[in-house]
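A.B. asks: give me coordinates for this.
(2 chains)
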Amino acid sequence: MTRTKTSGEKQLWPFETVGTKVNGWVDDLGAVGIFLLRAFIMVFRAKQLPSIVQQVYYIGARSAPVVMLVGLFTGMVLGLQLYYTLVKFGSTGALGSAIALSLIRELGPVLTAIMITARAGSSMTTEIGIQRISEQIDALYTMRIDSLRYLVSPRIAASIISFPLLTAFFDIIGILGGYLTGVVLLGLDAGSYFYRVETSVEIDDITGGFVKAVVFAIIVSTICCFQGYFTHMRTDAHGAKSVGLSTTSAVVLSCVLILISDYVVTSLLL
Amino acid sequence: MEDELIEFKNVTKRFGKRTVLDNVGLRIFDGDVTTIIGKSGTGKSVLLKHIIGLLAPTEGTILFRGKPVYEMDRKEFDAYRSQFSYCFQNNALFDSLTVFGNIALPLQQTTRMGKKEIETRVVQKMEQLEVADVSDKYPSQLSGGMQKRVALARALVTDPKIVLFDEPTTGQDPIRKNAILSMIAHNQKRFGFTTIMISHDIPDVFYISNRILILYDGKIIFQGTYRELERLQHPMVDEYISSLKGFEKEFLTPVSDGEAFGLSGKDVKIAEKKDTVIVAVLTLDELDALTEKLGQKRTDEILQSLGEYLNRHFGDVGISNRMAKNRFAVIFNHMDAKRVESMVEAFTRELREQGLGEAHPDTGGLIDSGKTVSLAVRVGLAEASPKENIQVTADKARSREKVIARFFCARCET
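C.D. replies: Numbers count the residues shown, from 1 in each chain, chains lettered A, B, ... in the order given. Below you'll find the predicted structure:
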């Protein structure tokens, strides 16, 4: 028999709702933390290298073309936009510096992470989610294979390796894209462009960009694997639909967290 | 006395407010084929998952050889789990791995075996379960029956002491269901593992089970042998008996091709290599009349007894299967007609000497037909030509059937 709520209890419903939500988020945060910790420790277990290499191929090598394409056009757009801005101040000579610093410090790590999330992160969630709903993860348990070690750890390790490498590709191709618009199309001096790039970029800028890439790698791989791994725990859907919703959640959450953590890491680095 | 392997003591499992297992107490013995039956949604899979540790009980204790499972330390629990294999209802094969990859996975991940040793063991297991031809294929490229064999190969490659089967025949046609059950029975005898199985295939599953557990409304209402089940007075048992009528109807649906025997393409290919294959068809006569006069359970026991004779005599050299409720087919791939005939003679001799369960051999003496029922077993042999449909060969064998043994048994007293 259900008890009817008193008027006092009815007035408390907003607090109850918010409290329940916050409790849920804290629970999830704790679960993600433990998930990451356990999976990360298992990266260093035996027999992981072949799986990690395979995942580097899927997450890294196969994402390279799309990341480089995006890098090229990002650099070209930056070249155009910054040229017409700098021309107003008579500082077109600073185009190389502006493009290189924007890409290395900010756009390279962020856009690379978002592109990998869209390409590889979504497939991580889907693949693990399908393995969950088709009892393949339970089958691993019955075979005494740790599913975190077998499915999650190689993906986290491969992401940590691939994100900085792809970010570096993105930065280099982006700088070349800026060269195409600034030098080839708009007629700036090639020597001056590369001189500005070389003199303005410091090792701290590059390190900062790589730190961001590693942070994004951990966030994206953990969120995407977590969403797939616990797709069966969703209360809003079951089966194939739950995998679809988990994939959407993983991509959205990863992108949001990339931008939030970008701000946090930038504040800490500066 | 049999060794007690697993014991559930007052095990209760709740999911939220829903109680799935309610104070369950059961015992499973070493070396037995134990079958858990019960209606859908009564918690059979939940029960099985408790045994292997996929689920933990809300209340109660699970003992393994007298030791509480959930009080074991990590090492003991790992050693406990290493004795099990689990065949999932939907096979749970890794769809991104080939058949070879699937079977090799537990060895690659949980042992220190070298690449060559793993390959040898996997190939051996694939050959034993007749999936070697499809080692490079992916699970989605295989038929349901073939996937089941791959799942069984994966479960057996680690040489487990206990194999758990969760509804191994779900989604299979009636004939293939029997192919899978006989495959389990055959391999259980061959490899000697303890089997715990969930099945709805009544009465066929009784033929291969030493013990039966019935789960009803989250409780175990029966555990014992098939004979003991006869004495159980419970609406559930009556429901099963009445369902047999439907089963029989389903079973006697005509079959149309070789696949209907539950045989893989591989089985027939062996025949092609050998140019010929011998098919023996065995029929227990007048099944309907027998059922009417002896009752369903006694008739089933006689059929079970015939099935056991078949397995004993031909299990190692042929592939035996049920074509219909009262008819069995045995396919001999590697033997010539003379050898098969001499084996059938030995089989006939034993039948005539030992009888068929409670049916005694009819040696031609005076029998009171008012108090007894007569029955006969017929056998027909046929040789298949290369590439001939196996069903055609079976039909040929049926047309050549002759009575090899007659029996009698007491009528029901009613």
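
A.B. asks: contacts only, for the closest residue to B:Lys396 other than its chain neighbours.
C.D. replies: Closest residue to B:Lys396 in three dimensions, ignoring its sequence neighbours and counting by CB to CB, 6 or more residues apart in numbering or on different chains: B:Ala382, at 3.8 Å. Yep, even glycine has a C-beta here, placed from its N, CA and C like the rest. For B:Ala382, the residues meeting the contact criterion (CB atoms under 8 Å, 6 or more residues apart in numbering or on different chains) are B:Ile278, B:Val279, B:Val281, B:Thr393, B:Ala394, B:Lys396, B:Ala397, B:Arg400.

A.B. asks: format the residues you listed as JSON lines; extra columns: neighbour count and secondary structure.
C.D. replies: Below are these laid out as JSON lines (neighbours: other CB atoms under 10 Å in any protein chain shown; DSSP: H, G, I helix; E, B strand; the rest coil):
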{"residue": "B:Ile278", "neighbour count": "26", "secondary structure": "strand"}
{"residue": "B:Val279", "neighbour count": "27", "secondary structure": "strand"}
{"residue": "B:Val281", "neighbour count": "23", "secondary structure": "strand"}
{"residue": "B:Thr393", "neighbour count": "24", "secondary structure": "helix"}
{"residue": "B:Ala394", "neighbour count": "24", "secondary structure": "helix"}
{"residue": "B:Lys396", "neighbour count": "18", "secondary structure": "helix"}
{"residue": "B:Ala397", "neighbour count": "22", "secondary structure": "helix"}
{"residue": "B:Arg400", "neighbour count": "12", "secondary structure": "coil"}
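
A.B. asks: how about these in JSON lines, adding pLDDT?
C.D. replies: Written out in JSON lines, the entries for these read as follows (pLDDT from 0 to 100):
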{"residue": "B:Ile278", "pLDDT": "84"}
{"residue": "B:Val279", "pLDDT": "84"}
{"residue": "B:Val281", "pLDDT": "88"}
{"residue": "B:Thr393", "pLDDT": "79"}
{"residue": "B:Ala394", "pLDDT": "78"}
{"residue": "B:Lys396", "pLDDT": "84"}
{"residue": "B:Ala397", "pLDDT": "85"}
{"residue": "B:Arg400", "pLDDT": "88"}
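
A.B. asks: in its sheet, what does the helix or strand containing the residue nearest to B:Lys396 sit against?
C.D. replies: According to DSSP states H and E, B:Ala382 maps onto strand B:372-384. Based on DSSP bridges, the pairing partners of strand B:372-384 within the sheet are strand B:277-284 (antiparallel), strand B:402-410 (antiparallel).

A.B. asks: and the following helix or strand past the first one, what does it pack onto?
C.D. replies: The reference is to strand B:277-284. Later in the chain than strand B:277-284, the nearest helix or strand by DSSP H and E is helix B:287-294. Under the contact criterion of 3 or more CB pairs under 8 Å, 6 or more residues apart in numbering or on different chains; DSSP states H and E, the helices and strands touching helix B:287-294 comprise helix B:296-314, strand B:372-384.

A.B. asks: ok, back up a step: would you mind measuring from the residue nearest to B:Lys396 to B:Thr194?
C.D. replies: In this structure, B:Ala382 and B:Thr194 are separated by 38 Å, where distance is defined by CB to CB, to the nearest Å.

A.B. asks: near chain A, which residues of chain B?
C.D. replies: In this structure, chain B approaches chain A at residues B:52-54, B:78, B:81-82, B:84-86, B:88, B:90, B:92-96, B:105-106, B:108-110, B:154, B:158, judged by CB under 8 Å from any CB of the partner chain.

A.B. asks: how does it look with 10 Å?
C.D. replies: Residues of chain B lying close to chain A (CB under 10 Å from any CB of the partner chain) are B:49, B:52-54, B:78, B:81-82, B:84-97, B:102, B:105-110, B:112, B:151, B:154-155, B:157-158, B:160, B:164, B:166.

A.B. asks: show me these that map onto strands.
C.D. replies: B:Phe84, B:Ser85, B:Tyr86, B:Cys87, B:Leu164, B:Asp166 (DSSP state E).

A.B. asks: low-confidence bits of the stretch 1-150 of chain A, can you list those?
C.D. replies: With pLDDT under 70 as the threshold, the stretch 1-150 of chain A has low-confidence stretches at A:1-5.

A.B. asks: how about the residues of it by chain B?
C.D. replies: Going by CB under 10 Å from any CB, the residues of the stretch 1-150 of chain A near chain B are A:46-47, A:50-51, A:127, A:130-131, A:134-146, A:149-150.

A.B. asks: how about 8 Å then?
C.D. replies: A:47, A:127, A:131, A:134-136, A:138-139, A:141-145, A:150.

A.B. asks: sorry, back to before: buried subset of the residues of chain B next to chain A, written for ChimeraX?
C.D. replies: Selection command for ChimeraX covering only the buried members of the residues of chain B next to chain A, criterion 16 or more other CB atoms under 10 Å in any protein chain shown:
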select /B:49,52,53,54,81,84,85,86,87,88,89,90,91,92,93,94,102,105,106,107,109,110,151,154,155,157,158,160,164,166
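
A.B. asks: inside helices: which ones of the residues of chain B next to chain A?
C.D. replies: For these, the ones inside helices are B:49, B:52, B:78, B:81, B:102, B:105-110, B:151, B:154-155, with DSSP state H as the criterion.

A.B. asks: so which of those is the closest to B:Gln124?
C.D. replies: Distance from B:Gln124 was checked for each of these by CB to CB. The minimum falls on B:Leu107, at 11.7 Å.
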